[in-house]
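Asker: Sequence plus predicted model, see below.
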Amino acid sequence: MVPVTDRILLIDDDKNFSNIFSNVLTSEGYETVVAHNGAEALEILEDNFFAILIIDIRLPDMDGIELISRINKTDPDMRKIILTGNPSFDNIQQALKKGAHDYLTKPVKLDEIKATLREQINELDAELRQKYKSVA
């Protein structure tokens, strides 16, 4: 069984990009599931926990910021990373205010992906340990 902290949901409507990015994540040892729109992501999240959600800011049925807001209502523990091909200060600031933990810009660089994922997983691990610490 794959540890919870090794599970990533990639939400991006660009099928070529998501296939390549998913393969990169898998080759780095992560279990990766892909959703191509917000509704599909929400359906997957009904029965699954992922350590990290990588969310494209522009999806065909809702924007990534709206999706983050909806996910935070049901499961705020998952780390959310916004992905954008057109970074703007306003979009990034709005995403962070709504609950994104970080952001990546396309084209993504492997070293940047690795560092961001490692950082987010470490932060999630610390948060979950604190939140669910056993009483001695």
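Answerer: Sure thing, it's come through.

Asker: So what does the most centrally placed residue in the chain have for phi and psi?
Answerer: In the chain, the centroid-proximal residue (C-alpha atoms, centre = their mean) is Leu53; its distance is 1.7 Å. Note on Leu53: its backbone torsions stand at phi -110, psi 120 [degrees, to the nearest 10].

Asker: swap in Val33?
Answerer: Per degrees, to the nearest 10, the backbone of Val33 is at phi -120, psi 140.

Asker: what is it paired to in the beta sheet?
Answerer: Leu9 (DSSP bridges).

Asker: And it, how close does it get to Phe50?
Answerer: 7 Å (C-beta to C-beta, to the nearest Å). Quick note: C-beta positions are derived from backbone N, CA and C, even for glycine.

Asker: More neighbours: these two, which one.
Answerer: Legend: neighbour count by other C-beta atoms under 10 Å for Val33 and Phe50, higher for Phe50 (24 against 16).

Asker: mind listing what that one touches?
Answerer: Applying C-beta atoms under 8 Å, 6 or more residues apart in numbering to Phe50 gives the contacts Arg7, Ile8, Leu9, Val33, Met78.
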